[in-house]
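> 3D, please:
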Amino acid sequence: MHSIVRRYIKTAIMFLGVGLAIGGWMIVRRELFGVAPAPHMMSAHTHALFVGFVMMMILGVALWLFPRPPAGDTRYSPWLAQGAYWLLTVATALRIAGELSRTASSHGALRWAVVITGLGQISAIGIFFFNLWPRIRPAGSHVREAKGERF
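Purely as a prediction, here's the structure:
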């Protein structure tokens, strides 16, 4: 397993821990203290789990499973995969922090931070799949299909 794949998967597990901690905090507050979770706290919880854990896991496994680019194909860039990783990781972490901060403040800078980090998440996922696109190709399956094999 390549180091970038391990980085995506281990980061996903870290975001799972963050999401579970936020969820645990929300349920304790709700059930023991009667405090309903704020919408921004639910958003932080959701982004930690769905973007931080689920998407990072999907992206890491996709890098691992899809065939390597053919020799000489320069459309796939390991640097873009690294850039997408860092952009998604930083944007997601800051998005979670921004959403949690929004439970205590409605300052304009925080609102802009949430918007900008959300756009960073969107950009990172777009960059990742733009970069992965050349690797979505047959790696022998077209030969088996030509022989009549069904999936």
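> Which residue ranges of the chain form helices?
3-33, 39-46, 56-65, 78-102, 108-132, 141-146 (DSSP state H).
> will you turn those into JSON lines that also has mean neighbour count?
All C-beta atoms are positioned from the backbone trio N, CA, C, and that covers glycine. As requested, the helices of the chain are exported to JSON lines (neighbours: other Cβ atoms under 10 Å):
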{"stretch": "helix 3-33", "mean neighbour count": "15"}
{"stretch": "helix 39-46", "mean neighbour count": "19"}
{"stretch": "helix 56-65", "mean neighbour count": "18"}
{"stretch": "helix 78-102", "mean neighbour count": "19"}
{"stretch": "helix 108-132", "mean neighbour count": "16"}
{"stretch": "helix 141-146", "mean neighbour count": "10"}
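> Dump those helices to TSV, plus distance to residue 71.
Listed next are the helices of the chain as TSV, based on distance: least, Cβ to Cβ, whole Å:
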stretch	distance to residue 71
helix 3-33	20
helix 39-46	42
helix 56-65	18
helix 78-102	15
helix 108-132	18
helix 141-146	18
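> is it true that residue 40 touches residue 99?
Yes. Using Cβ atoms under 8 Å, residue 40 is in contact with residue 99, at 4.6 Å.
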